[in-house]
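Coordinates for the following, if possible.
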Amino acid sequence: MKLVQKLFLFVCAGSVLLFAGCSGKKTAESSRGYDLYIFNTKGENAEAMKAAADAFGREKGIAVKVFSLGSGTNSDDTLRTEMSSKNKPAIFSVMNSQALVEWVEGKYAMDFSTAKNQDFKKLAGSIPSSLRLQQNGISYGVPYNVEGYGLIVDKNMLADLFGKDSVEPFIGAFITATYEEFENTVHIVQAYIKSGTAGTVTLSGRTFTLAAQKTGLAKNLTGVFSVAGSEKWTYGDHLVNIAIDTIFPDSAAAKNTTKQELEAGKSSFTAYAKALDLMSQNATTPRGPDLINATINGYDQSVATFAAGKALFLKQGNWAYGNIEKANPGVVKTLTFLPVKMPFTQSDIHVQGLTVGHMNASIPVFVPNYYAINTKVSDKEKELAEEFLVWLNTSAEGQDFIINKMSFIPYNADPAKTSAGYSLGDSIISYMAAGKTITNAYAGAPVGWATENMGAYLMENYLNKKNWPDNAYDDIAGYAVSRWEEMANIN
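This next block holds a predicted model:
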């Protein structure tokens, strides 16, 4: 199964456009040439989405138009143009609760409680609360899929470091280990890499001894972590989200935070700063100007470094699988996720029912995009939109498109029956099956706070320096809170 779908050029009305669907065959019910219009922002699934829409259309005897932008293209302006046109999409994409605001305020996004199709209402009601797209308790989106991230590790590397028989025990012990055990492991492995000192690490009370001599893949190691140092989102998005998840249960709660809640969570940002210090100190590229140099240490270079076996861990998500495969096809079958750990105490946890143990043993699993239904199309199109989303997410044919054609992990996947077909996807499903997941509350932060503010601040003030001052952790935590308050206009 191919993970990354290719983009294709389609010719419509004499123009070459990057999209996956053209106007379908006219029907008696549609003077526009189609009965249902879907605006898709996931360029990587463009071809598969067109095929799914065609299959649904054949089953229903209707014509379906799908418009898909190229992968990585900002869709906001194009979607706004389409929403202002005479022929608006019935199904459109919304990324998160922050992006939802525009479409709720403009009265475009349909409140799912007003749906006519009972099967659709059942589908919407069954979406786990942690994965819902909501505003003021009202649901507006059906997840495209789920993605996850953590510390990617190659089991073959672990075998060369600790012995083949220790791989699965090491992974199990690592998952439940404390931050202090993780930190100690990092230092011992880094010493092994630099000087060949074969120490012993302890995880969850179990000991694992490094091989006396560096052999196989272990000979390639130059650092514990491969860090995409020149990418602001490396620090500002997914990594800082781990801390935010201890403060808010979901992105909606983060979006509606109060000054009191934010400032109570300052200690979690301090823990984040400590973990960032540890990871950047033990990277394959020394912390300083080289770490943030885009020509030598960007995303592609960090993936290539890991794929070449020069780093034990790569903090990325399952979306990196295709890039890793391109860099080294031989490594991808033995990859798995381990949790990103931070030095939280129970007093740092402000989410009801959440524990430090759960945080340590879990990976974030979240929805990157949602399908929303447009209130400003005809009742017939709204009905078809509801029917399509039910078909895509509940029928055997629809699920086949999601899993095998789009290479997505369904948000409603049955872990006992579902395989993503590739190592990192199956690793995510295993965490879902164990109930060891956290969410992506950072998506509720003010737009631009995570990357353009936190990420840039860290690069300009800390990641470009070998040594940090004594007040670094407090300074980083203080900036995170004060900048959020300022950008959200919280007094």
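
On the pLDDT front, check F388 for me.
Confidence at F388, expressed as pLDDT, is 98.

Equivalent analysis for D77, please.
pLDDT at D77 comes out at 88.

Can you name the residues in contact with stretch 207-223?
154, 156-157, 159-163, 166, 169-170, 173, 188-190, 192-193, 196, 198-202, 282-285, 305, 308-312 (CB atoms under 8 Å, 6 or more residues apart in numbering). To be clear about C-beta, it is placed using only N, CA and C from the backbone, and glycine gets the same treatment.

Separate out the buried members of these.
Buried residues within the contacts of stretch 207-223, counting neighbours by 16 or more other CB atoms under 10 Å: 154, 156-157, 159-162, 166, 170, 173, 188-190, 192-193, 201-202, 282-285, 305, 308-312.

for the record, mean pLDDT for the helix or strand that G322 is a member of?
In the assignment (DSSP states H and E), G322 maps to helix 321-327. The average pLDDT within helix 321-327 is 93.

Also stretch 103-121?
Here the average pLDDT along stretch 103-121 is 97.

same deal with stretch 289-301?
So the average pLDDT for stretch 289-301 ends up being 93.

buried sites along that stretch?
So stretch 289-301, judged by 16+ other CB under 10 Å, has buried residues 291-292, 297-299, 301.

which other residues reach it?
With CB under 8 Å, 6+ apart, stretch 289-301 has contacts from 227-231, 234, 280, 283, 285, 323, 459, 463-464.

what's the answer for stretch 185-203, then?
Outside stretch 185-203, the residues touching it (CB under 8 Å, 6+ apart) are 161, 170, 173-174, 176-177, 181-182, 184, 207-214, 221-224, 278, 282, 312.

Now find how far off-centre stretch 477-488 is within its chain.
23 Å (CA atoms, centre = their mean, to the nearest Å).

hey, C-alpha coordinates of it in CSV?
What follows is stretch 477-488, C-alpha atoms only, in CSV (Å, rounded to 0.1, in the frame of the first residue of the first chain):
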residue,chain,number,x,y,z
ALA,A,477,7.5,29.5,30.5
GLY,A,478,6.8,33.2,31.2
TYR,A,479,6.9,34.1,27.5
ALA,A,480,4.6,31.2,26.6
VAL,A,481,1.9,32.4,29.0
SER,A,482,2.3,36.2,28.5
ARG,A,483,2.3,36.0,24.7
TRP,A,484,-0.8,33.8,24.7
GLU,A,485,-2.6,36.3,27.0
GLU,A,486,-1.5,39.1,24.8
MET,A,487,-2.5,37.5,21.5
ALA,A,488,-5.9,36.3,22.9
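
List the buried residues for that stretch?
477, 479-481, 483-485, 488.

Next, format those residues as TSV and append distance to S68 and secondary structure.
Listed next are the buried residues of stretch 477-488 as TSV, based on distance: CB to CB, whole Å; DSSP: H, G, I helix; E, B strand; the rest coil:
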residue	distance to S68	secondary structure
A477	41	helix
Y479	38	helix
A480	36	helix
V481	39	helix
R483	35	helix
W484	34	helix
E485	38	helix
A488	33	helix
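
Among those, which one lies nearest to V332?
Using CB to CB, A480 comes nearest to V332 of the buried residues of stretch 477-488, at 34.9 Å.

Filter the contacts of stretch 185-203 down to the ones in strands?
Counting by DSSP state E, these place 207-209, 223-224, 312 in strands.

Could you export these as CSV, including pLDDT and distance to L36?
Output for the ones in strands among the contacts of stretch 185-203, formatted as CSV (pLDDT from 0 to 100; distance: CB to CB, whole Å):
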residue, pLDDT, distance to L36
T207, 98, 60
F208, 98, 56
T209, 98, 61
G223, 98, 51
V224, 98, 50
L312, 98, 48
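
A PyMOL selection for those, restricted to the buried ones, would help me check which they are.
Selection of the buried residues among these in PyMOL, burial being defined by 16+ other CB under 10 Å:
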select buried, resi 208+223+224+312
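
ok, which pair from the ones in strands among the contacts of stretch 185-203 is furthest apart?
Largest pairwise distance in the ones in strands among the contacts of stretch 185-203, by CB to CB, is 23.5 Å, between T207 and G223.

where's K164 relative to I152, distance?
According to CB to CB, to the nearest Å, K164 and I152 sit 20 Å apart.

Now do the SS call for the nearest residue to N360 once chain neighbours are set aside.
Leaving aside its chain neighbours, N360 sits nearest to K341 (5.5 Å; criterion: CB to CB, 6 or more residues apart in numbering). Under DSSP: H, G, I helix; E, B strand; the rest coil, the three-state class of K341 is coil.

Just to check, K341 is in contact with F182?
Yes: between K341 and F182 there is a contact under CB atoms under 8 Å: 4.5 Å.

contacting residues for N323?
299-300, 303.

Can you lay out the ones in strands among the contacts of stretch 185-203 as JSON lines showing distance to W103?
JSON lines is the format used below for the ones in strands among the contacts of stretch 185-203 (distance: CB to CB, whole Å):
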{"residue": "T207", "distance to W103": "54"}
{"residue": "F208", "distance to W103": "51"}
{"residue": "T209", "distance to W103": "56"}
{"residue": "G223", "distance to W103": "44"}
{"residue": "V224", "distance to W103": "43"}
{"residue": "L312", "distance to W103": "43"}
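
Please identify which of the ones in strands among the contacts of stretch 185-203 is nearest to A273.
Among the ones in strands among the contacts of stretch 185-203, and counting by CB to CB, the member closest to A273 is V224, at 18.2 Å.

is it true that that closest one touches K310?
No: the criterion here is CB under 8 Å, and V224 misses it with K310 at 10.5 Å.

A helix includes I38, no?
No: using three-state DSSP, the secondary structure at I38 is strand, not a helix.

confidence score at it?
98.

Out of the contacts of stretch 289-301, give me the two with the largest separation.
Spatial extent of the contacts of stretch 289-301 (CB to CB) is set by the pair N323 and N464 at 25.3 Å.

burial count for F225?
F225: 23 surrounding residues under other CB atoms under 10 Å.

brain fart, I403
20.

again with E386
E386: 25 neighbours (other CB under 10 Å).

so V201 sits in a strand?
Yes: the assignment for V201 by three-state DSSP puts it in a strand.

who does it bridge with?
Counting by DSSP bridges, V201 forms beta bridges with F208.

how much space between it and G172?
14 Å.

What of F337?
13 Å.

ok, the two, which is more surrounded?
F337 (24 against 13).

Verify the stated contact: the more buried one with E147.
No: with contacts defined as CB under 8 Å, F337 does not count as touching E147, sitting 11.4 Å away.

got any residues that touch both of the two?
Joint contacts of F337 and E147 (CB under 8 Å, 6+ apart) are I428.

got a list of what D348 touches?
Applying CB under 8 Å, 6+ apart, the residues contacting D348 are 246, 265, 267-268, 271, 356.

the strands in the stretch 201-350 of the chain, which residues?
206-209, 223-226, 311-317, 335-338 (DSSP state E, counting those that start in this stretch).

quick one: which of the ones you listed is nearest W468?
Across the strands of the stretch 201-350 of the chain, closest to W468 is strand 223-226 (CB to CB), at 16.6 Å.
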